[in-house]
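J.: the following comprises the amino acid sequence and a computationally predicted model.
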Amino acid sequence: MPLIDFECKSCQKIYEELVSYDKTGKYKKVKCPHCNSSKKNKLMSGFAFNFSNPTDTDRWNSESSGHDYRFHHNLPKVLDERRHAEEASHVGSNPYNQINDLDSDAAWGEVK
C-alpha cells in the first residue's frame, strides 16, 4: 500500500496516510487527524524503490569471487588505453599544474 500525502482543506495541515490505491482519487475513508474533516487535496509525492539481488547471485557485484567483475574484467584494457593517451598527449601523465595559492599567491598577506 502506498503512503500518500494529503492537505486538509479546512485546517491546511499536511498529513500522510497508508491507503490502498483509489482509481477515483477521492480516498473517501481518509480524514484529517487534526480536525477530522474529509475535505482534502492529494499532494504530489515521490516514491522510492530498490531492486535487490540476493548476495552472490549478481556477476557484477559478486562477493564470493573476491573481486568486482566490472573493475577487473576491463582493467588491462583501461590501463593500456590510458598509457596510449598519455604517450599521445602533449602534457604527459600529469596534465594539471601544481599550484600553491595559499603561501605564494601574488595577493598573499594583503587585506582588502
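T.: Yep, that arrived. Residues are numbered from 1 along each chain as shown.

J.: counting neighbours, what do you get for residue 8?
T.: 20 (other Cβ atoms under 10 Å). From N, CA and C alone the C-beta is placed, and that goes for glycine too.

J.: which residues does stretch 27-36 contact?
T.: Contact partners of stretch 27-36, identified using Cβ atoms under 8 Å, 6 or more residues apart in numbering, comprise 4, 6, 8, 10-11, 13, 15, 17, 19, 22, 37-38, 40, 42.

J.: do that again at 6 Å, thanks
T.: 8, 10-11, 13, 15, 17, 19, 38 (Cβ atoms under 6 Å, 6 or more residues apart in numbering).

J.: buried residues of that stretch, list them for me.
T.: Along stretch 27-36, these residues count as buried under the neighbour rule (16 or more other Cβ atoms under 10 Å): 27, 30-32.

J.: mind putting these into CSV with secondary structure and distance to residue 90?
T.: Below are the buried residues of stretch 27-36 laid out as CSV (DSSP: H, G, I helix; E, B strand; the rest coil; distance: Cβ to Cβ, whole Å):
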residue, secondary structure, distance to residue 90
27, coil, 66
30, coil, 67
31, coil, 71
32, coil, 69
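
J.: many thanks, we can stop here.
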